[in-house]
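In: Quick check, what structure comes out for this input:
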Amino acid sequence: MTDPRTVDRLIDHLRAHVADLRRLEREGADPSEVEERRRLVLRLQTHLAGAVRDLVSVQRPSPV
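Out: Residues are numbered from 1 along each chain as shown. Just a heads-up that it's a prediction; the model follows:
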């Protein structure tokens, strides 16, 4: 079960990796390194989306 703190931690983690990706792009890092970081950000976004879905589904009352 996902709780709001888990979602907050995932958001913080995602923000840090997006900032790192932007820095790599700005500094003209090796394209393979930039692409690897993009894939990581995509995986984190997918994981965050699943956590939010889990959190929302737990908070909704089930229809009777």
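In: Now Arg37: phi and psi?
Out: In terms of degrees, to the nearest 10, the main-chain angles of Arg37 are phi -70, psi -40.
In: The closest residue to it other than its chain neighbours sits in which helix or strand?
Out: Excluding its sequence neighbours, the residue lying closest to Arg37 (CB to CB, 6 or more residues apart in numbering) is Leu21, at 4.5 Å. (Glycine included, C-beta is placed from N, CA and C.) Leu21 is part of helix 4-27 when elements are defined by DSSP states H and E.
In: buried sites along that helix?
Out: By neighbour count on 16 or more other CB atoms under 10 Å, the buried set for helix 4-27 is Val7, Leu10, Leu14, His17, Val18, Leu21, Leu24.
In: And stretch 27-38, by the same measure?
Out: Along stretch 27-38, these residues count as buried under the neighbour rule (16+ other CB under 10 Å): Arg37.
In: which of the residues in the least confident helix or strand in the chain by mean pLDDT are buried?
Out: Lowest by mean pLDDT, DSSP states H and E among the helices and strands of the chain is helix 31-59, with a mean of 93. By neighbour count on 16+ other CB under 10 Å, the buried set for helix 31-59 is Arg37, Leu44, Leu48, Ala51, Leu55.
In: Please tell me how far the first one sits from Arg26.
Out: Look at Arg37 and Arg26: by CB to CB, to the nearest Å, they are 12 Å apart.
In: likewise the fourth one?
Out: Here Ala51 is placed at a distance of 29 Å from Arg26 (CB to CB).
In: Equivalent analysis for the last one, please.
Out: Distance from Leu55 to Arg26, counting by CB to CB: 34 Å.
In: thinking again about what came up before, between the buried residues of helix 31-59, which is closest to Pro31?
Out: Pro31 has its nearest neighbour among these in Arg37, at 10.7 Å by CB to CB.
In: my guess is that closest one contacts Ala19, does it?
Out: No: taking contacts as CB atoms under 8 Å, Arg37 lies outside contact range of Ala19: 10.5 Å.
In: ok, back up a step: elements contacting the least confident helix or strand of the chain?
Out: helix 4-27 (3 or more CB pairs under 8 Å, 6 or more residues apart in numbering; DSSP states H and E).
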